[in-house]
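S.K.: Need a 3D model of the sequence below.
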Amino acid sequence: MGRRKLVVVGNGMAGARTVEEILARGGADLFDVTMIGDEPYGNYNRIMLSHVLSGESSLDDDDLMLNPMAWYRENGVTLYAGDSAEAIDRFAKTVTCASGRTIDFDTLIIATGSNTFFPNMDGLRESDGRLARGVFGFRTIADTNGMLQMASARDGVRAVVIGGGLLGLEAAYGLKTQGVDVDVVHSPGHLMNQQLDERGGKVLRNKIEELGVGVHTGKRTTAVVRNHDGAVAGVGFADGESLPADMIVVTAGIRPNVELARGAGLVVERGIVVDDQMRCEDEGFIFAVGECAQHRSEVYGLVAPLWEQAVVLADVVTGANPRAEYHGSRLTTKLKVAGVDVAAMGVKGPERDDDEFVQFYEPRSGVYKSVVVRDNKLIGAMLLGDISKANFLTQAFDEKVALPDERISMLFDMGTPSAETGAAELADDVQVCNCNGVTKGDIVACVQGGCTSVSEVCAKTRAGKGCGSCKQLVGDIVEFAAGDSLTEDRSAEWYVPAIPLTKPELIDAIRRQNLRSVTDVFAALAPEGEDASAKMPLSSLLRVIWGQDWQREPGALFVNDRVHANIQRDGTFSVVPQMKGGVTSPQQLRRIADVAEKYDIPMIKATGGQRIDLLGVRKEDLPKVWKDLDMPSGYAYGKSFRTVKTCVGTDYCRFGLGDSTSLGIDIETRYQGLESPAKLKLAVTGCPRNCAEALCKDFGVVAVGDGRWEIYVGGAAGAHIRKGDLLATADSPAEVIRLCGIFIQYYREQAKWLERTYAWVPRVGIEELRAILVDDRDGLVAGLQERIDEAVAGYTDPWLDREEPRSPAQFTSSLPLLPLPKVPVR
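M.R.: Reported below is the predicted structural model:
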């Protein structure tokens, strides 16, 4: 018998996990595997989108992409990405796609997942059925990217999140960290009503409101209010009240994506009806898995049941265990919601008169705990704020441990296993990572198989790669299982993947071997070959080391760095010319106005860095815009020295103690455009009133009188808020400029890729930085001064590329983008 044709409709987490399980059982020898995915990517971790929205991760983060495109090639899987299945012919055994291709199958797995549920509301959609401009779901990379672009388009953006469940609160938290004013609107009486009771919901509400997010419960949204040009202006409620909004995020639940199955004549209720082997009702060779499947009347929206279904389905279709059966899942949830730890399992409260119910409720500290016991069995538990007993309660819920007679000790360490000893006491089949379905036994087996560091175990099992709430427990289990064999993560200190060197070691090797290109670095220093995720940090590091003398490779650069402008959601770019210290002139302003009119630039906006942003510039117009502006680049697009914000200082201010404007201009003139691991924002303010906000900048300077200037480093006022640490007090502007240079150079040479100073400064420690940079304890200052002088001397305005583009395609339009097959509205 030859290889059979296995087709999987859906390239999401359930579909891809099922294929992984099939391949692990020798499926590559049994099947020619074909997958069809609506989105133009490999399989990614939707749980991580919350981290991307909040700025804790990025869209190019390794943890986001579970199965990159290379994985499909390496495993012999044919993937049709960016296409969608339109019809299934059960009798001819074919799947027809939106692109027109027809794919034959012997075995078919439907893993179409769920869609965002958009309630019927006036104004939600355009006349052609598309969502109104400014309305988003929160389910895909495109949704997340759209929200991020809108959040960063201008100051003062307001958002309303419709739905106060887990996803809605994560969306609100992420948008708030991006500087958006957010209100959450929830129709039921308390937040996360599916998981929490009323008291738990109240504690969570307090926590959410402390973040500065407005919460409106018991409100039913009936309309999206639109302004005269069709853009979102707010939401209206059933009671006649309303809220203003520029952006609306709908997280009012999900619905199984079953229209394809229904059209094929399969049995569909809420989901696609399957038996205990995940086989569709009355079918012999068609299966369904994941959120689209309905098993024993249940439809699951959490990932843990999906993994359990995938194991059974893989056993059945490969013949590894033809009698394998899925009997449903007992749901336990442990996660972080908007930074708050939550664990829940079973029922939310007592349902019978003789149910035992124990509660601990302390709203002031943000802690709520409860357990429900029936017939000496734990049938429900809820922990919020303090989940240290979650491991014990999970075992008790699964009837793996006996319940203590003193029920209160189930909530506090009063004789039951403590949080510290929980790793050793957990049963092997207890699920540790709910996001990726990893049990304690999986982690122990991984350690016994030779992985002796936490990072190796996480990489191999994917434990801790979702919401992250289990990372501490994963580390405890690895430490318990490895014992004396536990090793430090060898790669934790590497600057980039694939090259086993710390940053200082890597810089030394590049200098000694005169490596000038990313390709040369990989060839000389990467034992296992190149890693795509290392290209951008390496190209940045080469610019730090060699300045203009590095060997440019466009494939190693992000588009912003290739064209020296910031790409926008519609494929156009923003242009921010330099205005040193926020000072401009009538001539510059006239040129900006003339350029905006000449090139039909749709938006001109003042930035928070005291500059002017021209938004919506076409790629092919960039060189002409730069030439007509006749102003240097403001570097608003790269990981580099950006700008120096100033107040008016002694020129006009009645309170000025120092000439902040001149000092800010001098600093920007000297260090303009310097490449760095992450962006650098500076400010100089003329007195302690701090009008230029110098205390929350990467490098901030404050005049304190008598010619003295205090220097603060490591501040932040964006997604993260941190007051800078006092590095030194300088006696002159020249000393400020000198200390600024050696601080920047040390940061350039020591910080991790994308590590902002607000993380780097506390990691190194302000006392250590003061000893190295101010006191010159280690004798490094002279070398730092020499290298920063070389970097400054090599400055060239990147906008001069207009005279001689680096490649024929550098400023060639990529619009219109190649249209992908349209996914039908289901």
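S.K.: so what does the helix ranked longest in the chain touch, helix or strand wise?
M.R.: When the chain is parsed with DSSP state H, its longest helix is helix 733-750. Secondary-structure packing of helix 733-750 (3 or more CB pairs under 8 Å, 6 or more residues apart in numbering; DSSP states H and E): helix 503-512, helix 660-671, strand 680-685, strand 699-705, strand 708-713, strand 725-730, helix 757-764, helix 781-793. Yep, even glycine has a C-beta here, placed from its N, CA and C like the rest.
S.K.: export it as CSV, just CAs?
M.R.: Output of helix 733-750 as CSV, limited to C-alpha atoms (Å, rounded to 0.1, in the frame of the first residue of the first chain):
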residue,chain,number,x,y,z
PRO,A,733,27.9,71.5,29.7
ALA,A,734,31.2,70.1,28.3
GLU,A,735,31.3,67.5,31.1
VAL,A,736,27.6,66.6,30.4
ILE,A,737,28.5,66.0,26.7
ARG,A,738,31.5,63.9,27.6
LEU,A,739,29.6,61.7,30.1
CYS,A,740,26.8,61.3,27.6
GLY,A,741,29.2,59.9,25.1
ILE,A,742,30.8,57.4,27.3
PHE,A,743,27.5,56.3,28.7
ILE,A,744,26.1,55.8,25.2
GLN,A,745,29.2,53.9,24.0
TYR,A,746,29.2,51.6,27.0
TYR,A,747,25.5,50.9,26.4
ARG,A,748,26.2,50.2,22.7
GLU,A,749,28.9,47.7,23.6
GLN,A,750,27.2,46.0,26.6
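S.K.: Single out the most deeply packed of the helices and strands packed on helix 733-750.
M.R.: Stretch with highest mean neighbour count among these: strand 680-685 (a mean of 28; mean count of other CB atoms under 10 Å).
S.K.: Just checking: what are the partner strands of that one?
M.R.: Strands that pair with strand 680-685, judged by DSSP bridges, come out as strand 641-646 (parallel), strand 699-705 (parallel).
S.K.: Does anything pack onto the following helix or strand past the shortest one? Which helices or strands?
M.R.: Once the chain leaves strand 641-646, the next helix or strand it forms, by DSSP states H and E, is helix 649-652. Helix 649-652 sits against helix 660-671, with contacts defined as 3+ CB pairs under 8 Å, 6+ apart.
S.K.: looking only at pLDDT, what's the mean for the helix it packs on?
M.R.: Average pLDDT, helix 660-671: 97.
S.K.: ok and that helix relative to strand 699-705, angle-wise?
M.R.: Angle of helix 660-671 versus strand 699-705, following axes from the mean of the first three to the mean of the last three CA atoms, to 10 degrees, is 150 degrees.
S.K.: Mind listing residues that contact helix 660-671?
M.R.: Outside of helix 660-671, the residues that reach it under the criterion CB atoms under 8 Å, 6 or more residues apart in numbering are 578, 580-583, 641, 643-651, 682-686, 692, 701, 703, 709, 733, 736-737, 740-741, 744, 788, 792.
S.K.: ok, back up a step: return the set of buried residues in the longest helix of the chain.
M.R.: Using 16 or more other CB atoms under 10 Å as the test for burial, helix 733-750 gives 733, 736-750.
S.K.: Could you tell me the average pLDDT over that helix, please?
M.R.: 97.
S.K.: Relative to the whole chain's centre, how far out is it?
M.R.: Relative to its parent chain, helix 733-750 has a centroid offset of 31 Å by CA atoms, centre = their mean, to the nearest Å.
S.K.: do the same with stretch 81-88
M.R.: The answer for stretch 81-88 is 28 Å, by CA atoms, centre = their mean.
S.K.: measure that stretch end to end?
M.R.: The first and final residues of stretch 81-88 sit 18 Å from each other (CA to CA, to the nearest Å).
S.K.: May I see the buried residues of that stretch?
M.R.: Neighbour-count burial for stretch 81-88 [16+ other CB under 10 Å]: A81, G82, D83, S84, A85, E86, I88.
S.K.: Same question for stretch 558-567.
M.R.: Under the neighbour-count criterion of 16+ other CB under 10 Å, stretch 558-567 has F558, N560, D561, R562, V563, H564, A565, N566, I567 buried.
S.K.: just the residues you listed now: which is nearest K598?
M.R.: Compare each of the buried residues of stretch 558-567 with K598 using CB to CB and the shortest gap goes to A565, at 17.0 Å.
S.K.: Give me the pLDDT value at the residue nearest to that closest one when sequence neighbours are not counted.
M.R.: Leaving out its chain neighbours, the residue that sits closest to A565 by CB to CB, 6 or more residues apart in numbering is F573, at 3.8 Å. You'll see F573 listed with a pLDDT of 91.
S.K.: The one 10 residues further on now?
M.R.: Here the pLDDT value assigned to V583 is 95.
S.K.: That one: what's it in contact with?
M.R.: V583 makes contact with T646, T661, I665 under the criterion CB under 8 Å, 6+ apart.
S.K.: beta partners of the first one?
M.R.: Right, T646. Beta-bridge partners, per DSSP bridges, of T646: V684.
S.K.: Offset the numbering so it begins at 42, please.
M.R.: Renumbered: residue one is now 42, and that last one reads T687.
S.K.: residues touching E324, list them.
M.R.: The contact partners of E324, taken as CB under 8 Å, 6+ apart, are R131, L307.
S.K.: oh sorry, the question was meant for E534
M.R.: T543.
S.K.: and it, what element?
M.R.: Counting by DSSP H and E, E534 is found in no helix or strand.
S.K.: on that earlier part again, okay if I get the buried residues of stretch 599-608 as TSV plus secondary structure?
M.R.: Formatted as TSV, the buried residues of stretch 599-608 follow (DSSP: H, G, I helix; E, B strand; the rest coil):
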residue	secondary structure
F599	coil
N601	helix
D602	helix
R603	helix
V604	helix
H605	coil
A606	coil
N607	strand
I608	strand
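S.K.: Show me which of the residues you listed is closest to T185.
M.R.: For these, the nearest to T185 is I608 (15.8 Å; CB to CB).
S.K.: Is the closest one bridged to anything, and to what?
M.R.: Going by DSSP bridges, I608 forms beta bridges with F614.
S.K.: from what I can see it touches V616, true?
M.R.: No: using CB atoms under 8 Å as the test, I608 is too far from V616 to be in contact (11.6 Å).
S.K.: What segments of the stretch 92-241 of the chain are helices?
M.R.: 110-115, 182-194, 207-218, 239-251 (DSSP state H, counting those that start in this stretch).
S.K.: most packed of these?
M.R.: Using mean count of other CB under 10 Å, helix 207-218 ranks as the most buried of these, with a mean of 26.
S.K.: who's in contact with that helix?
M.R.: 91, 93-96, 179, 188, 192, 200, 202-203, 223, 225, 227, 232-233, 236, 245, 249, 252-254, 288, 290, 292-293, 376, 378-380, 760-761.
S.K.: again with stretch 227-237
M.R.: With CB under 8 Å, 6+ apart as the criterion, stretch 227-237 contacts 204-207, 209-210, 225, 238-239, 241-243, 245-246, 249, 256-262, 293, 374, 378, 383, 385, 389, 423, 425.
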